[in-house]
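>>> how would this look folded up:
(one chain, ligands or ions: 1)
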Amino acid sequence: MKNSFDPKEAKKFTARYPDVPPELALRVYTSRLIGGDPSLVLHGGGNTSVKLRIKNIVGEYQEVLFVKGSGVDLAAIEPSGFVGLELDPLRKLRKLSHLPDEEMENQLQIHKIYFSSPDPSVEALLHAFLPSRYIDHTHADFILTLTNQRPGENFLKEALGSRVAIIPYLRPGLPLAKGVLERYEENPEIEAVVVVHHGIFTFGEDAKTAYERMAQYVNKAEAYVREKARGKAFGIARTDGAPPKDPGAAMARFDQAVRGACAFRDKDGRLRRFYVEVRHNDELREASLFREARDLCLSGVLGPDHVIRTKNHWAYIEGIPEEDSKLQQIVKEAVEIYTKAYDQNFSEQVRVKGIEREKLDPYPRVFLVAGVGIVALGFTRKEARIAADVAEHTLQVKLLANAMGEYGPISESHVFDMEYWPLQQKKLGRTPPPPLRGQVAVITGAGGAIGLGIADRLLAAGSAVVISDIDEANLQKVYSHLAKKYDASLIESLLFDVTDYQAVEKAFQEISCRLGGLDILVPNAGVAHVARIEDLDPEKFDRVISVNLKGTFNAIKAAIPIFKRQGTGGNIIVVSSKNVFDPGAAFGAYSASKAAAHQISKIAALELAELGVRVNLVNPDAVFGNEEVPSKLWELVGPERMKSRGLDPKGLREYYRQRNLLKVQVTAEHVGNAVVFFATEATPTTGATLPIDGGISAAFPR
Ligand SMILES: [Zn+2]
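Residues are numbered from 1 along each chain as shown. Okay, here's the model as predicted:
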């Protein structure tokens, strides 16, 4: 790792946070240095602390430990990401021989100096017990390469020298805190402690020393590993099974199949789907084709706290067959074998430990796919990405560890303790998920007002949303609008032309590679043309038919193989028009194309019911949008309508408001709400049309 400590940068931090003690500002600085290096910590892993004397409200000085909050990401930590804890009462806990989890949590909570601070790190007691002012803790890849070895400690001593204490694996909490303190008291000259299968703690009296010791020992570990592994390669390439000819298409098909095979009903009866994150590079592909690939999948996590991200084992897929039925069979079998083994291990662990636990879902989070790479799963996109990152580092460490020696896994028992440790589970923050969490929605023609309204409501309901259009500038506008309001990781944008079937197919393949598949399809792309039939240019007519009818048909057709591979149903919600039932003169191309698209959607409802896919339609009328994202239809139609009725833009809106029974102005969000209503499957409905028009009797569906 690079020693990135820069005194000038450090000074900037003390200036940036004038309201906090400079020692804490420096703590923020070196914590971010650590957090910014993925070979040290990943996504909320690792923790740091500083001990300060602080004046309390009655003017008395007290010693306070500022330790990282649980789950806070070191890379972007702020002073408020540290929890202040009264040190004296916590230090006294070392006298105890046993401290139940609930009581440890209670002690940490009641000794906070600010009520509103986050929950302290589960390793807070260790930081409290060790007397050093600054403590840095990471799960550095090169340290784990050395600790996760069959002969273990021998390598470590040789690599790191005499000023590092090495202790066997102990669970975080009182046992680990006491274990580390004892080693420190035996030899106060030590500069670091390595905990086998876990990571390294370095300490010092100032921020720079603790950080530089981290760099020094991690670099020693790296140099030692590289020296030992020099000229030794691990892994024998398989001779059978060629990598897929079109890796993009194969990956998309695999993602869809795996999402289907791992979807499950939770205890509330809700179908839970996963997002998928794919990682592929030469190293991963090569490893996926080793004869030892399956063993790599079964040799467990690098450190027990990774278990909540990747589960202990991965599933291995030997190859992706060309035929869909074979692919589904292979994936289904791999998942069945995995879940059976998970359930068995769970029963075994609770039996041996004589405890009761509520079993978590047994589905794999990581697949190693021959010829492709890593495919990771998560209930949120963030979780899928974390699982993929952790898996990538895990594989690299295992390859190195096996090249220099023999990788030694952690016991199933330790990993189980961590997976089912309530304090660890808390990091995942399991609040009831929003209704469309886990689903992927695709909206065509999303560069306008209605597309924005639909995307907004779907995101609010928890879905990931892919917005697509052929107009890049409009799409970008909608994207920035949404990204300001919602988690940007849930929004993807894609340019493609709905009139070109191949382009639609390719786009859906790309969506599957990015997110895993497709659950909610909203064909919304549409164009209008105003002309009476006698003046209607046949080419213009073709163009309107091409976007409005063929575009809808293309999107529905291209989604069907995906729905089939997933096998988890889905929803198609077609944005139709009030004109289908109540057409207007000089609007023939639009009305006829929408009517035909309406009919093809009803046919889709008939044909796709057997897949559990529902097809419904929404009929909006007079949705104008706002100044920033106007309705493209009304930009075209509006001027002519205003002219013929002698109205200004405001007057035109008012005219349409007065025209409907409820006297309301219809908004894009209303259309979005209707889409969400169908997508949440609140009623067993397919083939239906829902008017979003304020009530127009001539347009009542029939
Ligand atoms: Zn740790």
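
>>> Test my guess that Gly448 contacts Pro630.
Yes. Under the criterion of C-beta atoms under 8 Å, Gly448 makes contact with Pro630 at 7.4 Å. All C-beta atoms are positioned from the backbone trio N, CA, C, and that covers glycine.

>>> Between those two, which is the more surrounded one?
It is Gly448, of Gly448 and Pro630, that has more neighbours when counted by other C-beta atoms under 10 Å, with 27 against 15.

>>> if I pick that one, what's in contact with it?
Residues near Gly448 by C-beta atoms under 8 Å, 6 or more residues apart in numbering: 469, 474, 478, 625, 629-633.

>>> Can you tell me how far it is from Val618?
Distance of Gly448 to Val618, computed by C-beta to C-beta, to the nearest Å: 15 Å.

>>> Which members of the contacts of Gly448 are classed as buried?
Neighbour counting by 16 or more other C-beta atoms under 10 Å classes 469, 474, 478, 625, 629, 631-633 among the contacts of Gly448 as buried.

>>> Out of the residues you listed, name the ones that lie in helices.
Counting by DSSP state H, these place 474, 478, 632-633 in helices.

>>> Report the two of these separated the most.
Greatest spacing in these, by C-beta to C-beta: Val478 and Leu633 (15.3 Å).

>>> Could you give the backbone dihedrals for Ser546?
phi -60, psi -50 (degrees, to the nearest 10).

>>> Is there a neighbour count for it? I'd like the number.
17.

>>> what's the answer for Leu87, then?
Neighbour tally, Leu87, other C-beta under 10 Å: 19.

>>> Phi and psi next, for the nearest residue to it once chain neighbours are set aside.
In space, and not counting its chain neighbours, Leu87 is closest to Glu63: 4.1 Å by C-beta to C-beta, 6 or more residues apart in numbering. Dihedral angles of Glu63 (phi, psi; degrees, to the nearest 10) stand at phi -80, psi 130.

>>> quick one, what contacts Lys564?
Counting by C-beta under 8 Å, 6+ apart, Lys564 has contacts 324, 611.

>>> Which positions within the strand or helix carrying it qualify as buried?
Assessed by DSSP states H and E, Lys564 sits inside helix 551-566. For helix 551-566, burial by neighbour count (16+ other C-beta under 10 Å) applies to 551-556, 558-560, 562-566.

>>> what's the answer for stretch 336-348, then?
338-339, 342, 345-346.

>>> hey, which helix is longest across this structure?
helix 324-353.

>>> what's the next secondary structure element after that one?
Heading C-terminal from helix 324-353 (DSSP H and E), you reach strand 366-369.

>>> Direction included, what does that following strand pair against?
The pairing partners recorded for strand 366-369 under DSSP bridges are strand 315-317 (parallel), strand 373-378 (antiparallel).

>>> So for the last one, mean pLDDT?
Yep, that's strand 373-378 we're talking about. For strand 373-378, mean pLDDT is 96.

>>> Could you give the separation of it from the chain centroid?
Relative to its chain's centre, strand 373-378 lies at 11 Å (C-alpha atoms, centre = their mean, to the nearest Å).

>>> which residues are contacting it?
251, 254-255, 258-259, 262, 274-281, 284-285, 288, 310, 363-369, 384-388, 391-392, 395, 516.

>>> do stretch 332-342 as well
By C-beta under 8 Å, 6+ apart, stretch 332-342 touches 258, 261-262, 311, 313, 315-317, 362-364, 367.

>>> gap between stretch 641-651 and the chain center?
How far stretch 641-651 lies from its chain's middle: 48 Å, per C-alpha atoms, centre = their mean.

>>> which ones are touching Val83?
Applying C-beta under 8 Å, 6+ apart, the residues near Val83 are 66-69, 112, 114, 117-121, 124.

>>> so which of these comes closest to Pro639?
Pro118 (55.4 Å).

>>> what's near enough to touch the closest one?
69-72, 81, 83.

>>> One more pass at 7 Å, please.
Contacts for Pro118 (C-beta atoms under 7 Å, 6 or more residues apart in numbering) come out as 69-70, 72, 81, 83.

>>> who wins for neighbours among those?
That'd be Val83 among the contacts of Pro118, by other C-beta under 10 Å, with 26 neighbours.

>>> Looking at the host helix or strand of that residue now, give me its mean pLDDT.
Following DSSP H and E, one finds Val83 within strand 82-86. For strand 82-86, the mean per-residue pLDDT is 97.

>>> Could you give the number of residues near the residue lying closest to Met104 once chain neighbours are set aside?
In space, and not counting its chain neighbours, Met104 is closest to Gly173: 5.8 Å by C-beta to C-beta, 6+ apart. Using other C-beta under 10 Å, Gly173 has 20 neighbouring residues.

>>> Phe129 versus Gly173, what's the distance?
Distance from Gly173 to Phe129, by C-beta to C-beta: 11 Å.

>>> And the helices in the stretch 151-300 of the chain?
Assigned by DSSP state H, counting those that start in this stretch, the helices in the stretch 151-300 of the chain fall at 153-160, 174-186, 207-229, 247-262, 282-288, 293-298.

>>> Going by neighbour count, which residues in the fourth one are buried?
The neighbour-count check on helix 247-262 (16+ other C-beta under 10 Å) flags 247, 249-262 as buried.

>>> got the angle for it vs strand 373-378?
40 degrees (axes from the mean of the first three to the mean of the last three C-alpha atoms, to 10 degrees).

>>> now for helix 247-262, which elements pack on it?
Counting by 3 or more C-beta pairs under 7 Å, 6 or more residues apart in numbering; DSSP states H and E, the packing neighbours recorded for helix 247-262 are strand 275-279, helix 324-353, strand 373-378, helix 501-515, helix 551-566.

>>> what does stretch 243-251 rub up against?
278, 320, 371-372, 509, 513.

>>> Show me the shaky parts of the stretch 551-700 of the chain.
Within the stretch 551-700 of the chain, no stretch has pLDDT under 70.

>>> Not counting sequence-adjacent ones, nearest residue to Gln439?
Asp519 (4.1 Å).

>>> oh, I was asking about Gly445
Using C-beta to C-beta, 6+ apart, the nearest residue to Gly445 is Ala525, at 3.0 Å.

>>> Determine the three-state secondary structure at the residue lying closest to Tyr655 once chain neighbours are set aside.
Excluding the flanking residues, the one nearest Tyr655 by C-beta to C-beta, 6+ apart is Leu647, at 5.9 Å. Put simply, Leu647 is coil when judged by DSSP: H, G, I helix; E, B strand; the rest coil.
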